[in-house]
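1. sequence unknown, structure follows:
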């Protein structure tokens, strides 16, 4: 596997379910991100992990719970979601250094989430 | 927060034509990035720009970092069917204390007609 992978690619869940999204990066990066992409809206940054510590949390509801066990893996745990949470959830990674390349984020293919 | 105005929102062009799109901001940006997203996939990085006035090419794609540092342009020459997709600009404003925060435009949906 190369790049950034995400599983599952598609997920349908009820509002009372608990599920998890998984992201894995094979680029040797040390920062990872969760984004939400809704139709006709800019990407919304949800969480940032740097060296496995959460460094950004952009006012995301507590029904979304991230976990970063190591620099290659990132999870997003979901529980009691609402229909408006239906969206494409994208994971990204980057280097975390002072170099220019730290601005370049590389994305996975996303998980298309539908909440019924 | 920071906002990027990306235009046009959508474009319909004939195969072989050139394409231009742009992003503008009211704030100064340190970095501009251009991504392409195909249906059902994540955004793929096309070009990264780091200096005002910088002009960078990637095949038939050329992007420029505006002199004012408040805008960026992407041009696609001699479009082909596989250019279809959504093109996003992204940037890191100077006011951001974190190299990790990018601001994204809303995207330009490009359709190439045969």
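-> Perfect, thanks for sending it. These figures come from a predicted structure and were not determined experimentally. Numbers count the residues shown, from 1 in each chain, chains lettered A, B, ... in the order given.
2. may I have the secondary structure class of the closest residue to residue B:79 other than its chain neighbours?
-> Of all residues not flanking residue B:79 in the chain, residue B:112 sits nearest, at 5.1 Å (Cβ to Cβ, 6 or more residues apart in numbering or on different chains). No exception for glycine: its C-beta is placed from N, CA and C like everyone else's. Put simply, residue B:112 is strand when judged by DSSP: H, G, I helix; E, B strand; the rest coil.
3. look up the pLDDT of residue B:112 for me, please.
-> In this model, residue B:112 is scored at 96, pLDDT.
4. so who does it touch?
-> Contacts for residue B:112 were tallied using Cβ atoms under 8 Å, 6 or more residues apart in numbering or on different chains; they are B:13-15, B:79-81, B:83-84.
5. what's the answer for residue B:65, then?
-> Counting by Cβ under 8 Å, 6+ apart, residue B:65 touches B:32, B:49-55, B:72.
6. who does it form a beta bridge with?
-> Counting by DSSP bridges, residue B:65 is bridged to residue B:72.
7. hmm, which helix or strand of chain A has the shakiest average pLDDT?
-> Of all helical and strand segments in chain A, the minimum by mean pLDDT, DSSP states H and E falls on strand A:53-57, at a mean of 73.
8. can you tell me the centre-most residue of chain A?
-> Taking Cα atoms, centre = their mean, the centroid of chain A lies closest to residue A:34, which sits 2.7 Å from it.
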